[in-house]
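>>> Output the structure for:
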Amino acid sequence: MFVEQLTWAKEANVDFVIAETFSDLEEAEIALEVINEFQLPAVVTMAIHTSNKTIEGVSIPEALERLSSRGAAVVGLNCARGPKTMLSLLKEVTGKIKTPLACLPVGYSTNEQYPTFQSFSTKDRKYTDLDHHTCTRYEFGDFAKEAVALGIKYLGTCCGGAPHHVRAIAEALVRKPISAQFSANLSLHFAYGQKQSLTNTTESTVEKNFSYGEKM
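Below is the predicted model of the structure:
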């Protein structure tokens, strides 16, 4: 399966390959071996569930070190865990391996009691009942700052993530993505903004902040 997929990727002249959401370290190592055979850079990320280890029982530092030693360009974690519970695992790894680290959490506010978004399921609340666990853009902004402070260089999101989460990551890192023009401008808010009504706002300001419909 991996050979077939990499054949297509090689023919398409991809720059690198992302191999992600592995809970089984041995499967991740097989994928990495094939990517190496095709001489393409590999980003390999593991999905870690409530045991805090891979399916084989390998710790996160050991698992990522093994992938690093086998030639992965970037190693890390993606999926299953939210920003807080994913960063808590990567804190054990930062500074211990030379390979750049990746962190791509799901868009849900997981915690120590429920470390993965799958673990929110109960007998009365099913797996699909996740709306009230969704992260805010501010949580993702805080996540980005903390991750960078730890030395993590490859950031993103996974299941449940949305464009405003990605924008929050970029803006927290003082980037100016095109979508920043749609970020909330609370200076115009009737309760939180400046002490002026919208009718007193200059025409240029109104045009700048309310031209979304014209650009569609």
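>>> SS state for T7?
For T7, the secondary-structure state derived from DSSP: H, G, I helix; E, B strand; the rest coil is helix.
>>> What are the neighbouring residues in contact with it?
Residues near T7 by CB atoms under 8 Å, 6 or more residues apart in numbering: F38. (Glycine included, C-beta is placed from N, CA and C.)
>>> okay, it: pLDDT?
Looking at T7, its pLDDT reads 97.
>>> Over to L87?
pLDDT, the model's per-residue confidence, is 98 for L87.
>>> any idea whether it is helix, strand or coil?
Strictly by three-state DSSP, L87 counts as helix.
>>> what are the phi and psi values for L40?
phi -120, psi 140 (degrees, to the nearest 10).
>>> buried stuff in stretch 70-89?
Neighbour-count burial for stretch 70-89 flags 72-87, 89 (criterion: 16 or more other CB atoms under 10 Å).
>>> Domain ranges for this structure, per the record?
2-180, 184-216 (automatic domain parsing).
>>> So which of those domains is the most surrounded?
By mean neighbour count, with neighbours taken as mean count of other CB atoms under 10 Å, domain 2-180 ranks first of those at a mean of 17.
>>> Report the distance from it to the chain centre.
Centroid separation between domain 2-180 and its chain, computed with CA atoms, centre = their mean, to the nearest Å, is 6 Å.
>>> and it, how far apart are its ends?
Domain 2-180 has an end-to-end distance of 38 Å (CA to CA, to the nearest Å).
>>> One more: stretch 38-49?
Termini of stretch 38-49 sit 30 Å apart (CA to CA).
>>> swap in stretch 75-87?
End-to-end for stretch 75-87, by CA to CA: 14 Å.
>>> could you dump stretch 160-173 to CSV, C-alpha only?
In CSV, the C-alpha atoms belonging to stretch 160-173 read as follows (Å, rounded to 0.1, in the frame of the first residue of the first chain):
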residue,chain,number,x,y,z
GLY,A,160,-12.3,19.5,14.5
GLY,A,161,-9.8,22.2,13.5
ALA,A,162,-11.2,25.1,11.5
PRO,A,163,-9.8,28.0,9.4
HIS,A,164,-10.1,30.4,12.3
HIS,A,165,-7.9,28.1,14.5
VAL,A,166,-5.2,28.1,11.8
ARG,A,167,-5.5,31.9,11.5
ALA,A,168,-5.2,32.2,15.3
ILE,A,169,-1.9,30.1,15.2
ALA,A,170,-0.5,32.4,12.4
GLU,A,171,-1.5,35.6,14.1
ALA,A,172,-0.1,34.4,17.5
LEU,A,173,3.2,34.0,15.7
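>>> Point out where this structure drops to low pLDDT.
Along the chain, the parts satisfying pLDDT under 70 run over 122-128, 195-216.
>>> Looking at the buried residues of stretch 70-89, which are in strands?
Judged by DSSP state E, the buried residues of stretch 70-89 include 74-78 as members of strands.
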